[in-house]
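Sequence and predicted structure, then a few things I'm wondering about:
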Amino acid sequence: MVQVIVAVEEVTSATEILEIAGATGSAADVEKEIEKGNIKVVTLGRKSFADGLMQDFRIDLGEAESIALSIERNVLFLGIDDKEAIKVCRVYGVPFLTALAFVVKLAKEKQIQKEEAALALNKLQQICLFSDEVMKEALKEGGLNGRSD
């Protein structure tokens, strides 16, 4: 199982983690995952670096802290979709994976059913407003275009 690390200055509750992450679910579920060790809440060691990223690039605090933490912890990859933050990842050599790429990868590796992948891609299209061309390529890449490529 992949461990999720949530980087924040100070968290008072699981509900606050959900709000920060913009996630859905119950605070009780988050608390359980923290207790099981699947979610770890940490404080960023190099806050000044994150502040510098915000000044040097047009990114918000959450993206800056995520990138700084990824560098500190030498993560396998950072899940991120923000266009400007992706540019920062490229500048600093932080490996990243977008939600769209993640769904496509899961579909290609048959870790999720095609119907689940199609639903996830549809939801991402609604939220992220990907171009038709990008979505068409994602469907093709994930083997979800009706052909068995």
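Here it is on my side, so go on.

Check what pLDDT Thr24 gets.
Model confidence at Thr24, expressed as pLDDT, equals 54.

what do you get for Ala21?
51.

same deal with Ala68?
So, for Ala68, pLDDT stands at 92.

Ala50 is in contact with that one, correct?
Yes. Ala68 lies in contact with Ala50 (Cβ atoms under 8 Å); the separation is 4.1 Å. No exception for glycine: its C-beta is placed from N, CA and C like everyone else's.

For those two, list the residues in contact with both.
Residues within reach of Ala68 and of Ala50 at once, by Cβ atoms under 8 Å, 6 or more residues apart in numbering, are Leu44.

Would you tell me which helix is longest in the chain?
For the chain, the longest helix by residue count, based on DSSP state H, is helix 114-128.

how about whichever helix or strand comes after that one: buried residues?
Later in the chain than helix 114-128, the nearest helix or strand by DSSP states H and E is helix 132-141. Of all the residues in helix 132-141, those buried under the rule 16 or more other Cβ atoms under 10 Å are 135, 138-139, 141.

what about the helices in the chain?
Taking DSSP H as the criterion, the chain carries its helices at 14-21, 27-36, 47-56, 61-73, 83-92, 99-108, 114-128, 132-141.

Mind telling me which of those the model trusts least?
When I compare the helices of the chain, helix 14-21 is least confident, with a mean of 50.

thinking again about what came up before, tell me the most buried of the helices of the chain?
helix 61-73 (a mean of 21; mean count of other Cβ atoms under 10 Å).

Point out the other helices and strands that that helix packs with.
strand 4-7, helix 47-56, strand 78-79, helix 83-92 (3 or more Cβ pairs under 8 Å, 6 or more residues apart in numbering; DSSP states H and E).
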